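Engineer: I'd like to go over a predicted model; first the sequence, then the structure.
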Amino acid sequence: MTETPETDFDTFLRVDIRTGTIIEAIAFPEARKPAYKLTIDFGEKIGIKKSSAQITELYNTEELVGKQVAAVVNFPKRQIGPFMSEVLTLGFHNNDGQVSLFSPDHDVPNGERLL
C-alpha cells in the first residue's frame, strides 16, 4: 500500500464523519460483489440515510441491526446498480481481505462528528 500525501487539518475537517446506528440491513443480490443495503439513523440533524456495504463475509443482517458505525455523510450520492447509496460506511480490510466495520467501542449519540 502506498502512503498518501500529507494534508492539513482544515482539509481533514472537510470530510464529515459521523456515527449512526444501523436500523435495517438487507441482502443486496443485484450488487456485482456480495453486499448489504444498510439503513442508518444519524440522529435528528442528519436523519436516516442509506448505504451499500460489502461486509457480507464478517457480518450477517441480524447482527448488524443496532450496531453503531461511522460513515462519511458529505460525499455525493452514488448509484450502485438499482440502489442509491447516500453515505460511505467506513471499514478496514483485515488480514484476509474482509471488511471490518469502523465503529465506536462505547455508545455515542447518533450524528456525533469524528474529532
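Structural biologist: Received, thanks.

Engineer: Could you use CA atoms for every contact and neighbour count after this?
Structural biologist: OK.

Engineer: Point to the residue nearest the middle of the chain.
Structural biologist: What sits nearest the mean C-alpha location of the chain, by CA atoms, centre = their mean, is Thr89, with 1.1 Å.

Engineer: list the contacts for the residue lying closest to that residue once chain neighbours are set aside?
Structural biologist: Nearest residue to Thr89, sequence neighbours excluded (CA to CA, 6 or more residues apart in numbering): Ala71, at 4.2 Å. Residues in contact with Ala71 (CA atoms under 8 Å, 6 or more residues apart in numbering) are 17-20, 87-90.

Engineer: Could you spell out the sheet neighbours of whichever helix or strand Ala71 is part of, each with its direction?
Structural biologist: For Ala71, the host element (DSSP states H and E) is strand 68-72. Sheet pairing of strand 68-72 (DSSP bridges) gives strand 17-27 (antiparallel), strand 88-89 (antiparallel).

Engineer: just the CA coordinates of that strand, formatted as CSV?
Structural biologist: The C-alpha coordinates for strand 68-72 follow below in CSV (Å, rounded to 0.1, in the frame of the first residue of the first chain):
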residue,chain,number,x,y,z
GLN,A,68,-23.2,1.8,15.6
VAL,A,69,-21.0,2.6,12.7
ALA,A,70,-19.0,5.5,11.3
ALA,A,71,-19.7,7.0,7.9
VAL,A,72,-18.8,9.9,5.6
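
Engineer: Tell me how far that strand lies from the chain's centre.
Structural biologist: Relative to the centre of its chain, strand 68-72 is centred 5 Å away, using CA atoms, centre = their mean, to the nearest Å.

Engineer: helix or strand right after that strand?
Structural biologist: Next along the chain after strand 68-72, taking DSSP H and E as the criterion, comes strand 78-80.

Engineer: quick one: the residue nearest to Thr89 and Thr56, what's the gap?
Structural biologist: Shown here: Ala71 relative to Thr56, a distance of 17 Å by CA to CA, to the nearest Å.
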